[in-house]
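> sharing a sequence plus its predicted fold:
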Amino acid sequence: MPDLPSHLWYSITSLGGAGMTLPLAFAIAIWLAVGYTWRMAVGWLLVLGAAIGVVTVTKLAFLGWGVGVRELDFTGVSGHAMLSTAVYPVTLFLMLLPVRPAVRLLGVLLGIAAGIAVGLSRVVLSAHSPSEAVTGCLVGALAALVFVRMAWRLEPGKLSALPVTASMMILAVLMHGVHVPTQRWVTHIALKVSGHERPFIRAKWKATRDARPAASPLSQTRNTLAPPSSSEV
C-alpha cells in the first residue's frame, strides 16, 4: 500500500461519499437533458440506479440476515468505490465531449483510476475488505462504461466545455466532505425488513459460522445481533 498520511487517505475516501458523487451524478443528468434529450439523462440515472441497487441489496442481505462470503471477508459491495468509479469517468467524459475521442477516452480511464484510488482508501482505512472494494470498483466501472458506450456518439457541439467543467468543479468543491448517512438508512431498512433489533457486524459474523445471534437479556425467546457498525457505505 502507498505510504500516505492518514489525513490524505481520508481526503481520498471522501471523494467517494454520496454527499459528493450523487450531486455530480444529478448534474450530469441535467446537462444531458439540457444539451441532448431527457431519454439520455434518464438512461444515465437508470444505469447508475442499477449499480446503486447492487450495493444496497448486498448490504441489506448482510445487515439484516448475515448473508456474506466468509472466505472472501465479503459483507457487501463498497458504495464509496462503486459511486466514485461510476460517476467520475462519466463526469470527465461529459467535460471532454467536445475534444477528440482519444482524449475523451483518456478522461474516462482517469476517472476509473480515481475510483480505484477511493476503493484502495477504503481498504487502507479498514472500512472495507479488499473483496468489497474490488467488487465496488468493478460494478462502478461497468456502469460507467455501459453509459459511455451509449453516449459515445453524442454530437459534441451541443454542450460547451467551459460551463460544464466550471459547474462540475464548483459543485465538487462545495460538496466535498458533505456527509450523507447512507449506512444509517440502509441499516434502518435492513432492520425493518428483517424484523431484527440489531444488525449483523463483521467481527461477530467472522468469529462464528453460527449466524444466529445470542439471546437478548431482555427476552430469552428473542435473538439480538451485534451493535451497529460505524463504517460508511
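Looks like it arrived, so ask away.

> what is the helix or strand harbouring Val139 packed up against?
Assigned by DSSP states H and E, Val139 belongs to helix 130-151. Helix 130-151 sits against helix 38-65, helix 79-95, helix 101-124, with contacts defined as 3 or more CB pairs under 8 Å, 6 or more residues apart in numbering; DSSP states H and E. In this view, the C-beta of every residue, glycine as well, is placed from N, C-alpha and C.

> report the mean per-residue pLDDT for the shortest one.
Looking back up the chat, that one is helix 79-95. Looking at helix 79-95 alone, the average pLDDT works out to 97.

> by how many degrees do it and helix 130-151 diverge?
20 degrees (axes from the mean of the first three to the mean of the last three CA atoms, to 10 degrees).

> helix 79-95 packs against which elements?
Using 3+ CB pairs under 8 Å, 6+ apart as the contact test, the elements touching helix 79-95 are helix 18-35, helix 38-65, helix 101-124, helix 130-151, helix 161-175.

> kindly reformat the ones you listed as TSV and extend each row with distance to Ser6, mean pLDDT and mean neighbour count.
Listed next are the helices and strands packed on helix 79-95 as TSV, based on distance: least, CB to CB, whole Å; pLDDT from 0 to 100; neighbours: other CB atoms under 10 Å:
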stretch	distance to Ser6	mean pLDDT	mean neighbour count
helix 18-35	20	96	19
helix 38-65	25	97	19
helix 101-124	8	96	19
helix 130-151	17	97	21
helix 161-175	22	93	14
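
> which among the ones you listed is found nearest to Ala86?
helix 130-151 (3.8 Å; CB to CB).

> starting at the chain centroid, how far to the closest one?
10 Å (CA atoms, centre = their mean, to the nearest Å).

> quick one, it and helix 18-35 angle?
10 degrees.

> Thr58 contacts Gly76, doesn't it?
Yes - Thr58 lies in contact with Gly76 (CB atoms under 8 Å); the separation is 4.2 Å.

> possible to save the helices and strands packed on helix 79-95 as TSV with distance to Thr91?
Output for the helices and strands packed on helix 79-95, formatted as TSV (distance: least, CB to CB, whole Å):
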stretch	distance to Thr91
helix 18-35	6
helix 38-65	11
helix 101-124	7
helix 130-151	9
helix 161-175	6
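
> just say helix, strand or coil for Ala203.
helix (DSSP: H, G, I helix; E, B strand; the rest coil).

> what is the neighbour count of it?
10 (other CB atoms under 10 Å).

> same question, the one 4 residues further on
The number of residues packed around Ala207, counting by other CB under 10 Å, is 9.

> re the thing from before, CA atoms of the helix holding Val139 as PDB?
Taking Å, rounded to 0.1, in the frame of the first residue of the first chain, the C-alpha atoms of helix 130-151 are listed here in PDB:
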ATOM      1  CA  PRO A 130     -10.300  -6.000  -0.500                       C
ATOM      2  CA  SER A 131     -13.100  -8.100  -1.900                       C
ATOM      3  CA  GLU A 132     -15.700  -5.400  -1.100                       C
ATOM      4  CA  ALA A 133     -13.600  -2.600  -2.600                       C
ATOM      5  CA  VAL A 134     -12.800  -4.600  -5.700                       C
ATOM      6  CA  THR A 135     -16.400  -5.500  -6.400                       C
ATOM      7  CA  GLY A 136     -17.300  -1.900  -5.800                       C
ATOM      8  CA  CYS A 137     -14.800  -0.800  -8.400                       C
ATOM      9  CA  LEU A 138     -16.000  -3.400 -10.900                       C
ATOM     10  CA  VAL A 139     -19.700  -2.600 -10.500                       C
ATOM     11  CA  GLY A 140     -19.000   1.200 -10.800                       C
ATOM     12  CA  ALA A 141     -16.700   0.800 -13.800                       C
ATOM     13  CA  LEU A 142     -19.200  -1.400 -15.600                       C
ATOM     14  CA  ALA A 143     -21.900   1.200 -15.000                       C
ATOM     15  CA  ALA A 144     -19.700   4.000 -16.300                       C
ATOM     16  CA  LEU A 145     -18.500   2.000 -19.400                       C
ATOM     17  CA  VAL A 146     -22.100   1.000 -20.200                       C
ATOM     18  CA  PHE A 147     -23.200   4.600 -20.200                       C
ATOM     19  CA  VAL A 148     -20.100   5.900 -22.100                       C
ATOM     20  CA  ARG A 149     -20.800   3.300 -24.800                       C
ATOM     21  CA  MET A 150     -24.400   4.500 -25.000                       C
ATOM     22  CA  ALA A 151     -23.300   8.200 -25.200                       C
END
